[in-house]
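Enquirer: here is my input; please provide its structure:
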Amino acid sequence: MNNKPGRAKNVVISGAGGNLGRTVVKELLSCGYNIVSLCRAEHEQSLLEDFLNGVDHNDSHEILVGDLNNSNKVKENIDRAASLLE
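Expert: Reported below is the predicted structural model:
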């Protein structure tokens with residue numbers, strides 16, 4: 001993560017489809033962070049997308065779906081998140 005002034009900060013949020021996670025994502029987007037949200041299931045992705053409807057995030061938000069109990073999916077999502085935040 002780069003905290004230099006004038007540079008966007010990058011955050012990965014696990015549990016972004018839950019009540020607290022959605023609120024954290026919305027708040028960090030409003031503060032200018034680049035966010036990769038991890039949701040356990042597609043229905044949680046839909047909840048997050050609906051919750052963020054109308055929030056301007058200037059392409060600084062990506063949602064990945066995968067259960068953290070699935071080690072193959074975790075590795076895939078980590079690799080994807082890393083490439084998005086480079």
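
Enquirer: can you check my assumption that residue 46 lies in a helix?
Expert: Yes - Residue 46 sits within a helix when classified using DSSP: H, G, I helix; E, B strand; the rest coil.

Enquirer: pull the number of nearby residues for it.
Expert: Look at residue 46: counted by other C-beta atoms under 10 Å, it has 13 neighbours. Where C-beta positions appear, they are placed from N, C-alpha and C, glycine not excepted.

Enquirer: residue 86 too?
Expert: 6.

Enquirer: now do residue 50
Expert: Counted with other C-beta under 10 Å, residue 50 comes out at 9.

Enquirer: tell me if it really is in a strand.
Expert: No - judged by three-state DSSP, residue 50 forms no part of a strand; its state is helix.

Enquirer: wasn't residue 72 part of a helix?
Expert: Yes - counting by three-state DSSP, residue 72 falls inside a helix.

Enquirer: measure it to residue 79 for me?
Expert: Distance of residue 72 to residue 79, computed by C-beta to C-beta, to the nearest Å: 11 Å.
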